[in-house]
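Colleague: Here is my input; please provide its structure:
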Amino acid sequence: MSLLENVLETSSSNHFTVGMPLLRSYHESHALLYVLTEVLKKIGSEAEKSLGAELAVVAFGSFGRRDAKLDTSDLDAMILIRHPSSIDKNKVRNAVLTPLSSCCPWLILDDAEAVRSSRWDRVTNVDLKYAVYVVDDLLHSKDEISVARRWQILFESQCLYGHGMYTEVCMSVLPQVPEKFRKYIKASPLGTVNFDRLLTEVPDYFAQFENPILLYKSASKYWKTQFLRQFFTFSNVVNCVVGSKWTSSPAVIDAANPLDYLQSTTADKLIRVLRAVQDTANQFDKSDEHVFEEIVVAHHLEEVRPIGDGNLVVASFRSLVVRLLAKFAQCWVRLYDPLTLQLLQRVPTSKIAPHAVFTPTIDDPEARVLMQTLAEMQSSYLRYMAAVAQLLDQLVIPARSRTTSIGPASAILRRYYVS
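Modeller: Below you'll find the predicted structure:
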């Protein structure tokens with residue numbers, strides 16, 4: 001059961017309504033991943049025999065985040081291969097992706113006809129869309145794309161075949177505390193993870209999501225990337241902050257191992273923030289209630305009405321997290337609404353630039369109104385993210401540690417609320 005399901009089971013019907021789109025997305029993605037995993041059992045085994053090498057097949061993007069939809073999400077796949085020498089990458093693609101596309105005709109693929117016919121010369125940027133990596137090359141190459149792939153496999157991936165190799169690669173990528181310092185660390189599932197390094201280096205990976213080449217392919221691609229990626233990035237940041245400060249707290253750290261923790265859903269990562277606040281409840285006093293109110297006012301949020309009994313700061317923070325999840329759900333529903341997709345198709349590619357600039361230049365009045373609505377939705381959830389980041393940095397972490405929040409965790413949180 002996901003943390004989201006657990007929260008919905010123990011919450012009011014209103015919370016259940018808020019979480020339904022996210023819960024539906026979680027189960028649809030789970031079903032799609034299950035089908036692909038089952039299909040690849042035979043395909044992967046036969047591919048390993050024909051190639052004489054061990055394989056792993058990894059899904060990125062919406063499948064990696066587990067927010068995929070059957071009728072709109074395309075498969076962004078990478079194949080890992082353990083091979084002593086160079087290998088013909090197209091031969092690997094022929095053995096895995098071509099039969100996969102034939103077995104799953106419903107699966108959305110870039111350049112699908114070329115994939116089904118093994119015409120890789122007709123796939124634009126084939127090494128990006130359908131990457132094939134020898135494991136040693138992925139782990140040790142210093143080029144920008146390989147470095148990004150290593151972070152991506154850690155934060156935004158799901159294994160479809162070859163779980164043993166996949167886990168080994170992930171754990172090789174995961175920054176760990178040096179051996180000589182481990183005797184000072186309390187035993188816990190996340191005890192050896194070097195969160196300071198994650199919080200220092202990973203922001204450079206997340207910054208690539210703002211790449212105009214990725215954003216401005218189409219209006220629907222722009223807003224999907226903005227909405228889903230911004231929630232994804234924020235949830236990963238706060239998840240790493242919580243992991244770094246509550247490492248040995250079993251009430252907060254629910255995962256059995258680092259990969260379960262880092263690769264959970266966007267909603268579950270946001271819910272862990274609430275768990276961290278609840279774990280700190282006994283440390284809050286009356287003055288903290290005023291700090292909470294001041295931060296809420298500073299970010300121009302609607303009135304935050306406490307949810308549940310007990311400590312007022314915890315009850316108010318619970319309301320804040322529920323609202324942020326609600327905004328995530330609203331964005332999700334709006335993005336995939338058929339009318340929204342239809343209107344966004346009317347926006348010429350030449351008009352796609354930062355929304356503050358391009359909205360007035362769109363001729364279609366309905367599309368222009370939609371663009372403005374989407375921009376307002378984005379502005380709203382960014383304010384809530386800023387408030388959560390500031391509350392973590394200036395209220396929750398100091399209350400837990402009884403010291404001022406400093407270091408990589410504070411530095412990355414301040415990016416969200418210091419302009």
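Colleague: Please make it C-alpha for all contacts and neighbour counts, starting now.
Modeller: Will do.
Colleague: Relative to Phe284, how far out is Glu54?
Modeller: Taking CA to CA, to the nearest Å as the measure, Glu54 falls 53 Å from Phe284.
Colleague: For the residue lying farthest from the centre of the chain, give me the pLDDT.
Modeller: For the chain, the largest distance from the centre (CA atoms, centre = their mean) belongs to Lys286, which lies 35.3 Å off. Looking at Lys286, its pLDDT is 88.
Colleague: same deal with the one 3 residues further on?
Modeller: Glu289 carries a pLDDT value of 91.
Colleague: what about Glu54 and Phe284, which has more around it?
Modeller: Neighbours were counted for Glu54 and for Phe284 using other CA atoms under 10 Å; Phe284 has more, 19 against 16.
Colleague: what sits against the more buried one?
Modeller: Listed by CA atoms under 8 Å, 6 or more residues apart in numbering, the contact partners of Phe284 are Asn311, Val313, Ala399.
Colleague: can you check Ala53 too?
Modeller: By CA under 8 Å, 6+ apart, the neighbours of Ala53 are Ile81, Arg82, His83.
Colleague: Test my guess that the second one contacts Leu138.
Modeller: No - with contacts counted by CA atoms under 8 Å, Arg82 stays clear of Leu138, the gap being 10.6 Å.
Colleague: Look at these two and report which has more neighbours.
Modeller: Set side by side, Arg82 and Leu138 show more neighbours around Leu138, with 20 against 16, by other CA under 10 Å.
Colleague: dump the residue contacts of the more buried one.
Modeller: Ser146, Val147, Arg149, Arg150.
Colleague: Double-check that it belongs to a helix.
Modeller: Yes - counting by DSSP: H, G, I helix; E, B strand; the rest coil, Leu138 falls inside a helix.
Colleague: Find me the pLDDT at it, would you?
Modeller: On the pLDDT scale, Leu138 is placed at 93.
Colleague: Same check on Thr17?
Modeller: Looking at Thr17, its pLDDT reads 61.
Colleague: and what of the one 5 residues further on?
Modeller: Reading off the per-residue confidence, Leu22 sits at a pLDDT of 75.
Colleague: That one: neighbour count?
Modeller: Close neighbours of Leu22, defined as other CA under 10 Å, add up to 24.
Colleague: Please identify the helix or strand for it.
Modeller: For Leu22, the host element (DSSP states H and E) is helix 13-51.
Colleague: export the very next helix or strand once past that helix as CSV, just CAs?
Modeller: On the C-terminal side of helix 13-51, the closest following helix or strand by DSSP H and E is strand 54-60. Only the C-alpha atoms of strand 54-60 are listed here, as CSV (Å, rounded to 0.1, in the frame of the first residue of the first chain):
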residue,chain,number,x,y,z
GLU,A,54,23.0,-10.0,-19.3
LEU,A,55,20.4,-7.3,-19.7
ALA,A,56,18.3,-4.9,-17.8
VAL,A,57,15.4,-2.8,-19.2
VAL,A,58,14.6,0.5,-17.4
ALA,A,59,11.7,2.9,-17.9
PHE,A,60,12.1,6.6,-17.3
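Colleague: What angle do helix 13-51 and strand 54-60 make with each other?
Modeller: 150 degrees (axes from the mean of the first three to the mean of the last three CA atoms, to 10 degrees).
Colleague: which residue ranges form the helices in the stretch 201-350 of the chain?
Modeller: Along the stretch 201-350 of the chain, the segments classed as helices by DSSP state H, counting those that start in this stretch run 212-215, 219-245, 258-262, 266-279, 286-298, 312-335, 338-344.
Colleague: what's the most buried one of these?
Modeller: helix 266-279 (a mean of 22; mean count of other CA atoms under 10 Å).
Colleague: Other residues contacting it?
Modeller: Applying CA under 8 Å, 6+ apart, the external contacts of helix 266-279 come out as 2-4, 22, 65, 231-232, 235-236, 238-239, 242, 246, 251-253, 314, 317-318, 321, 325, 396.
Colleague: same deal with stretch 26-41?
Modeller: Phe63, Arg66, Asp67, Ala68, Lys69, Leu70, Leu100, Cys103, Leu160, Tyr161, Thr265.
Colleague: can you pull the buried residues of the helix holding Leu22?
Modeller: For helix 13-51, a neighbour-count test (16 or more other CA atoms under 10 Å) marks 15-16, 18-23, 25-26, 28-29, 32-33, 36-37, 39-40, 43-44, 47-48, 51 as buried.
Colleague: quick one: stretch 192-205 to chain centroid distance?
Modeller: 15 Å (CA atoms, centre = their mean, to the nearest Å).
Colleague: other SSEs contacting the helix or strand encompassing Met171?
Modeller: Secondary structure assignment for Met171, by DSSP H and E: helix 163-173. Counting contacts by 3 or more CA pairs under 8 Å, 6 or more residues apart in numbering; DSSP states H and E, helix 163-173 is packed against strand 54-60, helix 135-140, helix 144-155.
Colleague: again, 7 Å this time
Modeller: strand 54-60, helix 144-155 (3 or more CA pairs under 7 Å, 6 or more residues apart in numbering; DSSP states H and E).
Colleague: quick one: it to helix 144-155, angle?
Modeller: Angle between the axes of helix 163-173 and helix 144-155 is 110 degrees (criterion: the same axes, to 10 degrees).
Colleague: now helix 163-173, how far from the centre of its chain.
Modeller: The answer for helix 163-173 is 19 Å, by CA atoms, centre = their mean.
Colleague: tell me which helix or strand of the protein sits lowest on mean pLDDT?
Modeller: helix 355-358 (a mean of 46; mean pLDDT, DSSP states H and E).
Colleague: right, and the helix or strand after that one?
Modeller: Next along from helix 355-358, by DSSP H and E: helix 365-391.
Colleague: residues of that following helix that come out buried?
Modeller: Buried residues in helix 365-391, counting neighbours by 16+ other CA under 10 Å, are found at 367-368, 370-372, 374, 377-378, 380-391.
Colleague: tell me the mean pLDDT for that helix?
Modeller: Averaging pLDDT along helix 365-391 yields 91.
Colleague: Can you give the distance of that helix from its chain's centre?
Modeller: 19 Å.
Colleague: Pull out the buried positions in the helix or strand just after that helix.
Modeller: Going down the chain from helix 365-391, the next helix or strand is helix 397-401, by DSSP H and E. Across helix 397-401, burial judged by 16+ other CA under 10 Å covers Ile397, Pro398, Ala399, Arg400.
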